[in-house]
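*Asks:* Sequence below, structure please.
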Amino acid sequence: MEWFAQKWQVVESLAPFLLHGLWMTFQVSMIAIILGSLLGAILGVMKTLDSRALRLCIDAYMHFFRGTPYLVQLYLIYFVLPSLGIAWLQFDSYTAAIVSLTLYTASYVTAIVASAIDAVPRGQEEAARACGMTKAQRLYHIIVPQALRLTVPPMASVYVIVIKSTAVLSVIGLSELTRQGETSILRMPQDTMFIYALIAGLYFLYCYPVLRFARWAERRVGSSAAAQENA
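*Replies:* Coordinates of the predicted model:
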């Protein structure tokens, strides 16, 4: 009982700091997920258009952000870009975190959306073209609704990766969950393992509902698509 009482005192003393870090993690990750999803969806659709130059530019962007470590990208945006002396590239740590995570998220969402659109049977687009629909009408009415349900499972995995990637933001001084945990360990080095366990538990409590929501959304979209087919 004495051990539990001592650990409970640790939890009580650290709770305000860890919860503040969790709130910062939530803010940054949610903003990056929303902005990255919007940007990725736009680029994913553009990647399927009949423009070779556009596809090459989007491919170069995707390969860079998916093929390099996120930590390197964060360093480039926070340390390298401001050294160019351009005013609008002078980022503070909060802005750099959002910009870097948004671009990182969008690179994966772009690939997911483009692959989902390509997975829609070509016969449906050809039938829509035969009916006189424009490319925009085919995308809006025929292709995107069918591609949407294919994006849900991989998108959820990307979102969880983005949430966990916020752990490296401590290197630029952002007071997110891991940073607050490391600061707490400096105050209570004898409870290092316990504090890391608390941090891992808080990340789990954040990520698990995201996965559950994705599973619900997948069933919801699947049932809606089945109802439309039966109709």
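*Asks:* which intervals of this structure have sub-threshold pLDDT?
*Replies:* In the predicted model, the chain carries pLDDT under 70 at residues 125, 135, 221-231.
*Asks:* longest helix of it?
*Replies:* Counting residues, the longest helix found in the chain (DSSP state H) is helix 2-47.
*Asks:* on contacts alone, who are the packing partners of that helix?
*Replies:* On a contact count with 3 or more C-beta pairs under 8 Å, 6 or more residues apart in numbering; DSSP states H and E, helix 2-47 meets helix 52-67, helix 93-119, helix 144-165, helix 177-187, helix 192-230. In this view, the C-beta of every residue, glycine as well, is placed from N, C-alpha and C.
*Asks:* Buried residues, the fourth one. List them.
*Replies:* Yep, that's helix 177-187 we're talking about. L177, T178, R179, Q180, G181, T183, S184, I185 (16 or more other C-beta atoms under 10 Å).
*Asks:* give the contact list for the third one.
*Replies:* Shown here is R179, whose contacts under the criterion C-beta atoms under 8 Å, 6 or more residues apart in numbering are G21, L169, S170, G173.
*Asks:* What is the neighbour count of the last one?
*Replies:* Burial of G173 is recorded as 13 neighbouring residues (other C-beta atoms under 10 Å).
*Asks:* Distance of the nearest residue to M155 once chain neighbours are set aside relative to A147?
*Replies:* Leaving aside its chain neighbours, M155 sits nearest to I112 (6.0 Å; criterion: C-beta to C-beta, 6 or more residues apart in numbering). Noted for I112: a distance of 9 Å to A147, by C-beta to C-beta, to the nearest Å.
*Asks:* same deal with V168?
*Replies:* From V168 to A147 the distance is 32 Å (C-beta to C-beta).
*Asks:* sorry, back to before: quick one, which of the helices and strands packed on helix 2-47 gets closest to I31.
*Replies:* Closest approach to I31 among the helices and strands packed on helix 2-47 is made by helix 93-119 (5.4 Å; C-beta to C-beta).
*Asks:* Contacts for the helix or strand that the closest one is followed by next, please.
*Replies:* Helices and strands here follow DSSP states H and E; after helix 93-119, the next one along the chain is helix 122-130. Residues from elsewhere that reach helix 122-130 (C-beta under 8 Å, 6+ apart): Q137, R138, H141, I142, I143, Q146.
*Asks:* Would you mind listing the two of these that lie farthest apart?
*Replies:* For these, the maximum inter-member distance is 14.4 Å, found between Q137 and Q146 (C-beta to C-beta).
*Asks:* Count the neighbours of S83 for me.
*Replies:* 9.
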